[in-house]
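Asks: Let's see this in three dimensions:
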Amino acid sequence: MKFRALMTENPAMREFLNISLSLTRFAKSCILRLTSTKLFFIISEEERGPRRPLVWCELPVSFYFKEYNIVGVSEVHNEIYLELSTVLLSRSCSLLKQEIKSFKIKLTNKESPCLTLEMEMVAGETLSRQYVHDIPVEIISRKHWADYEEPNFSDFHVSIEMPNLKSIKNIVERMRNMSHSLIVNANRTGKLTLQIKTNIVDLSAHFPNLNVESFAVDHISNNLEESGAQEGSVVSTIDLKKFLMFLTGMQLTNCRATCSIIHRKMVKLFLEEPGALSLQIFLSELSV
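Replies: Reported below is the predicted structural model:
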């Protein structure tokens with residue numbers, strides 16, 4: 001297996017830095033999946049039993065790298081899966097805040113497998129400095145790749161655009177002090193409602209006139225009536241802390257965000273910066 005990539009554009013470096021910092025908000029470790037066209041950062045739920053996806057982040061090679069070469073486990077399976085520390089990755093990438101001439105990422109073997117980051121920094125008109133960081137990695141064997149497949153859910157009952165994430169974040173941060181669970185409600189008229197309910201307080205934030213991308217009326221009408229939900233609305237109760245992780249995790253501009261709900265089962269949050277990044281976070285219904 002071999003991997004080597006070169007980054008020279010400052011916008012790409014800043015984006016990669018932001019992503020590396022954001023990953024630390026989700027988990028202490030992640031899976032880096034390398035393919036010929038994309039990089040994937042994958043984070044699973046931290047619990048025993050079968051792995052459940054929490055975060056799925058895709059980066060197109062064409063946006064980030066001037067040079068990119070990979071030789072995977074075989075010609076048929078030209079991919080590499082690595083497990084690494086998100087903290088060490090973000091610390092190593094912190095130098096990208098400065099004026100960097102080039103940024104290389106390589107898979108090396110220095111007594112043990114490492115992801116080696118080499119950054120050439122401009123130190124003057126004629127001088128430059130090179131910094132090298134080795135991040136220990138664990139190579140995931142192909143028999144375990146199935147644990148990190150992209151989640152595929154096609155039965156969302158509603159998909160609705162989200163309003164400005166900063167405004168939602170300010171509200172949810174206040175809710176966090178009063179409840180650990182968040183009720184997410186979207187209806188066919190384009191209203192998204194975020195609500196907390198406790199023995200002491202019942203607080204809701206309403207965001208009307210949003211674009212509804214899809215609404216599966218025929219499939220859920222009976223289920224909604226049985227569960228007592230309001231007509232034309234879809235509801236799921238999720239972990240408020242994990243929802244807030246999404247709002248604070250990716251600080252991006254020029255992006256669009258959508259919220260998709262499977263009634264009483266799951267909320268998927270999707271963030272996309274066209275051509276540069278897409279992020280999905282999967283929040284399962286809280287068991288009462």
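Asks: the strands in the stretch 101-250 of the chain, which residues?
Replies: 113-122, 128-136, 138-139, 158-161, 181-187, 192-197, 202-207, 212-215, 233-239 (DSSP state E, counting those that start in this stretch).
Asks: I80 is nearest to which of these?
Replies: Across the strands of the stretch 101-250 of the chain, I80 has its closest neighbour in strand 138-139 (7.4 Å, CB to CB). No exception for glycine: its C-beta is placed from N, CA and C like everyone else's.
Asks: T258: which of the strands of the stretch 101-250 of the chain is closest?
Replies: For T258, the closest of the strands of the stretch 101-250 of the chain is strand 158-161, at 5.5 Å, according to CB to CB.
Asks: as a whole number, average confidence for the closest one?
Replies: Averaging pLDDT along strand 158-161 yields 96.
Asks: That one - contacts with which helices or strands?
Replies: Using 3 or more CB pairs under 8 Å, 6 or more residues apart in numbering; DSSP states H and E, the elements in contact with strand 158-161 are strand 181-187, strand 212-215, strand 256-262.
Asks: The strands of the stretch 101-250 of the chain: which one's closest to E273?
Replies: Ranked by CB to CB, the member of the strands of the stretch 101-250 of the chain that lies closest to E273 is strand 158-161, at 15.1 Å.
Asks: which outside residues touch the closest one?
Replies: 186-188, 190, 192, 210-216, 234, 256-261 (CB atoms under 8 Å, 6 or more residues apart in numbering).
Asks: Paired strands for it, with orientation please.
Replies: Strand 158-161 has the following strand partners under DSSP bridges: strand 212-215 (antiparallel), strand 256-262 (antiparallel).
Asks: any idea how far the lengthiest helix in the chain is from the chain center?
Replies: For the chain, the longest helix by residue count, based on DSSP state H, is helix 10-26. Its chain's average C-alpha position is 11 Å from that of helix 10-26, according to CA atoms, centre = their mean, to the nearest Å.
Asks: Please parse this structure into its domains.
Replies: The chain breaks down by automatic domain parsing into domains covering 2-148, 158-284.
Asks: Tell me which of the helices and strands packed on strand 158-161 sits nearest to S85.
Replies: Set against S85 and scored by CB to CB, these come closest in strand 256-262, at 27.7 Å.
Asks: ok, residues contacting the helix or strand that the closest one is followed by?
Replies: Next helix or strand after strand 256-262 toward the C-terminus (DSSP states H and E): strand 266-273. Strand 266-273 is contacted from outside by 153, 156, 162, 184, 236, 238, 243, 246, 250, 252-261, 277-285, using CB under 8 Å, 6+ apart.
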